[in-house]
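Peer 1: pasting the structure only:
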């Protein structure tokens, strides 16, 4: 696509303006391509994280323990935690 006409005509100039305006954020929060920490940089959650391990994926419509676990995970999310869940039996059941 020709960058000299239409809405693309300002792309190069605006790209330079963007980098200049956001330079400090880009340098502090974004990693260069190829850096081994790319996965960590992609995680934008800045709050605390919790790993929840239970026997299986909670099935809240089947037992009280699952309903309780589901509610505890919901509470952690509402408090701002990043929650990762690992079923101990490793069965990929969708709730």
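Peer 2: Noted; the coordinates are in hand. All values derive from a computational prediction rather than experimental measurement.
Peer 1: quick check, residue 49 in contact with residue 85.
Peer 2: No: Residue 49 is beyond contact range of residue 85, at 11.8 Å (criterion: CB atoms under 8 Å). All C-beta spots, glycine's among them, are computed from the backbone N, C-alpha and C.
Peer 1: tell me the helix or strand right after the worst-scoring helix or strand of the chain on mean pLDDT.
Peer 2: The weakest-scoring helix or strand in the chain, judged by mean pLDDT, DSSP states H and E, is helix 38-42 (a mean of 70). Using DSSP states H and E, the next helix or strand after helix 38-42 towards the C-terminus is strand 49-54.
Peer 1: before we move on, back to that, so between residue 49 and residue 85, which is more surrounded?
Peer 2: Neighbour count, other CB atoms under 10 Å: between residue 49 and residue 85, residue 85 has more, with 14 against 11.
Peer 1: which residues does stretch 77-94 contact?
Peer 2: Applying CB atoms under 8 Å, 6 or more residues apart in numbering, the external contacts of stretch 77-94 come out as 45, 47-57, 59, 73, 76.
Peer 1: drop anything exposed from those.
Peer 2: Taking 16 or more other CB atoms under 10 Å as the criterion, what is buried in these is 54, 57, 73, 76.
Peer 1: what's the farthest-apart pair in these?
Peer 2: 57 and 76 (16.1 Å; CB to CB).
Peer 1: domain assignment for the protein?
Peer 2: For the chain, whose domains are defined here by automatic domain parsing, the residue ranges read 6-42, 49-87.
Peer 1: how far away from the center of its chain is the first one?
Peer 2: I take that to be domain 6-42. Distance of domain 6-42 from its chain centroid, counting by CA atoms, centre = their mean, to the nearest Å, is 19 Å.
Peer 1: in this structure, which spans are helices?
Peer 2: Secondary structure of the chain (DSSP state H): helices located at 11-21, 23-29, 38-42, 64-78.
Peer 1: tell me the confidence at the residue nearest the centre of the chain?
Peer 2: Taking CA atoms, centre = their mean, the centroid of the chain lies closest to residue 43, which sits 4.7 Å from it. Note for residue 43: predicted pLDDT of 71.
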